[in-house]
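Peer 1: Sequence first, then the predicted structure:
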Amino acid sequence: MSKKLLIAGVAAVAILAGGGFGLHWWSVGRFIETTDNATVESDISIVSPKVVGYVREVRVDHNQPVHAGDVVAVLDDRDFIARVAQAQAALDAQRSAIDTIDSQVLQQQAMIAQADSTVASAQADLALTQRTLGRDRSLQTTGVVSSQTLDGTIANDRKASAALTRANAGVAAEHSKLPVLAAQRATAVAQLAQLQAALDLARIDLDNTVIRAPIDGVVGNRSVEVGQLVRVGGPLLSVVPLRSVYIVANFKETQIASMHAGQSVTIAVDAFPGHPVIGRVDSFAPASGSEFSLLPPENATGNFTKIVQRVPVRITLAKDEPLLGRLRPGLSVEASVDTRTGTPVLGLVGAAQAAEPSQSE
């Protein structure tokens, strides 16, 4: 009798457990999409030099917190200081050359004024000789002025006319020098701008000998040492923004039909068991993970085997999440999306189709 009761009790418990599980699945479980193919990620900033040089100082240690703008390393700047001085000297010399041209312009304007006064003097002499010539011709008819005197007056008139012509030519010649000086000045000004740009570049290179952290974070993967010759673009260290980590969960293509941005996500971190993290679905990758691999699959080879693809889903965390700052990129997590939450939208495929412009437009 007791054995039958025991069997009946076990059966009842099993039925109740199965019913409870089924009820929970029907009311909750079927709306939860879960994957353990998920990790903590972060937009890691790799710090690299912009100039070539030897490292004079390293001011950060491994795993040290830094703020944006903090100096992490300093390169030997003696060559760059000399280049700045060289560029500054060339710029000063060019400015002096422009000042010289400006002085030549002023001098040329004085020469033009002098030539104008010569023209005025020649015009006065010509007017005087012309009046004298007219008077002598009138007196020569009455016999008061001899022919010899009249010939001298005519010669003086011709000399005055030639002097005026020569003076006008001198004015034209002096005026013609101004455009040449203006062209020389324009060339000098252009060269001045070029030298100013060279000086600015030299100063930028000098500033770049001081290497700073681009963002707030923690120093990692530090490979720079004092005395090391570093080159442009070579990685020195990384800055990891631990307060800005996020989750990338790779869900199967069969799981994303009811998922959309804004849905609530419960995240179990392997490193912190018993401390669930709450996040939100932020966005979906524009293609499956295999499409971004070095060798994307080519299914038209005749040896096709259907494999369930995975779509990377980005999940953001709340700014006041207690574990922020302790989560490290690369940690394994398990993400569970509650598809009942968030504002209802079209399915993932329908939303993409709605976002595409119509071909009839």
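Peer 2: Done, it's in.

Peer 1: Output the contacting helices and strands for the host helix or strand of Ala249.
Peer 2: Ala249 is located in strand 246-252, with elements delineated by DSSP states H and E. For strand 246-252, the packing partners by 3 or more CB pairs under 8 Å, 6 or more residues apart in numbering; DSSP states H and E come out as strand 32-41, strand 264-269, strand 277-284, strand 310-317, strand 332-338. Glycine gets a C-beta too; all of them are placed from N, C-alpha and C.

Peer 1: okay, now Val226: neighbour count?
Peer 2: Other residues within reach of Val226 by the criterion other CB atoms under 10 Å amount to 11.

Peer 1: which intervals of the stretch 251-361 of the chain have sub-threshold pLDDT?
Peer 2: Filtered on pLDDT under 70, the stretch 251-361 of the chain yields the residue ranges 301, 343-361.

Peer 1: Recalculate using a threshold of 90.
Peer 2: Within the stretch 251-361 of the chain, the stretches with pLDDT under 90 are 257-258, 288-309, 318-321, 325, 339-361.

Peer 1: Kindly report the same for the stretch 51-200 of the chain.
Peer 2: Across the stretch 51-200 of the chain, the ranges flagged by pLDDT under 90 are 104-182.

Peer 1: before we move on, the earlier item: any idea which of the helices and strands packed on strand 246-252 gets closest to Ala162?
Peer 2: Shortest separation from Ala162 across the helices and strands packed on strand 246-252 is recorded for strand 277-284, at 91.7 Å, computed as CB to CB.

Peer 1: Give the buried residues for the closest one.
Peer 2: Within strand 277-284, the residues that count as buried by 16 or more other CB atoms under 10 Å are 277, 279-282, 284.

Peer 1: and which of those is nearest to Gln130?
Peer 2: The shortest approach to Gln130 among the buried residues of strand 277-284 belongs to Asp282, at 98.9 Å (CB to CB).

Peer 1: follow-up on the earlier one: in TSV, list the helices and strands packed on strand 246-252 along with distance to Gln194.
Peer 2: What follows is those, written out as TSV (distance: least, CB to CB, whole Å):
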stretch	distance to Gln194
strand 32-41	46
strand 264-269	57
strand 277-284	47
strand 310-317	47
strand 332-338	56
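
Peer 1: how about those strands, which one is nearest Phe304?
Peer 2: Comparing the helices and strands packed on strand 246-252 against Phe304 with CB to CB, the closest turns out to be strand 310-317 (18.1 Å).

Peer 1: Relative to that closest one, what are the paired strands and their orientations?
Peer 2: When sheet partners are counted by DSSP bridges, strand 310-317 sits next to strand 246-252 (antiparallel), strand 277-284 (antiparallel).

Peer 1: coming back round to it: ok, and what's touching the strand holding Ala249?
Peer 2: 33, 35, 37-42, 259, 265, 267, 279, 282, 289, 308-317, 333, 335, 337 (CB atoms under 8 Å, 6 or more residues apart in numbering).

Peer 1: now swap in stretch 187-199 and tell me
Peer 2: 84, 87-88, 90-91, 94-95, 97-98, 101.

Peer 1: before we move on, what about stretch 107-115?
Peer 2: Contacts made with stretch 107-115 from outside it, assessed by CB under 8 Å, 6+ apart, are listed as 167, 170-171, 173-175, 177-178, 181.
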